[in-house]
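1. Sequence isn't available, so here's the structure alone:
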Ligand SMILES: [Zn+2]
């Protein structure tokens with residue numbers, strides 16, 4: 001493809017626009033904001049681009065990564081469920097019904113001595129940074 005393009009004498013693509021023109025570029029774009037890979041009825045695997053209702057350990061193992069490694073690699077929050085929003089809501093509703101909610105309400109800073117020792121410090125994920133930035137921008141828009 002590169003040779004054909006140079007043979008036609010086409011301009012060298014701008015680095016900023018090149019990914020959008022390449023068929024494999026959309027995954028990289030999605031990975032810049034991994035939240036966008038999680039849609040209402042599907043979640044996109046950021047490694048191969050396949051779509052699922054839920055990213056299973058079996059699928060992730062086929063890429064040689066665990067769910068924890070996958071979340072770290074793409075900057076997801078540790079607690080992010082790797083499933084579409086509809087499924088995640090369904091599980092959340094079920095968890096409330098079965099009384100799991102009381103466990104979730106446990107604040108780690110209170111129950112985890114190691115976390116308390118570090119003063120609640122933990123690495124901030126890309127997902128969290130993006131969410132904070134969006135919240136800040138929304139607040140700024142509201143203020144102006
Ligand atoms: Zn995959």
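-> Right, received. Where do you want to start? All values derive from a computational prediction rather than experimental measurement.
2. Kindly report the residues of this protein close to the ion.
-> 45, 47, 48, 50 (C-beta under 5 Å from the ion). For the C-beta atoms, the positions are set from N, CA and C on the backbone; glycine is no exception.
3. now, the most widely separated pair of these?
-> 47 and 50 (8.6 Å; C-beta to C-beta).
4. Neighbour count: those two, which is higher?
-> Counted by other C-beta atoms under 10 Å, residue 47 and residue 50 do not tie: residue 47 has more neighbours, with 18 against 12.
5. Now do the SS call for the more buried one.
-> coil (DSSP: H, G, I helix; E, B strand; the rest coil).
6. Give me the neighbour count for the residue lying closest to it once chain neighbours are set aside.
-> Using C-beta to C-beta, 6 or more residues apart in numbering and skipping residues adjacent in sequence, the residue nearest residue 47 is residue 63, 4.7 Å away. Counted with other C-beta under 10 Å, residues neighbouring residue 63 total 14.
7. same check, this time on residue 80
-> 19.
8. Return the residues in contact with it.
-> Shown in contact with residue 80 (C-beta atoms under 8 Å, 6 or more residues apart in numbering): 38, 71, 127.
9. Top of those by number of neighbours, please.
-> Among the contacts of residue 80, residue 71 has the most neighbours (other C-beta under 10 Å), with 21 neighbours.
10. Spatially nearest residue to residue 78 (excluding sequence neighbours)?
-> Spatial nearest neighbour of residue 78, excluding adjacent residues (C-beta to C-beta, 6+ apart): residue 71 at 6.3 Å.
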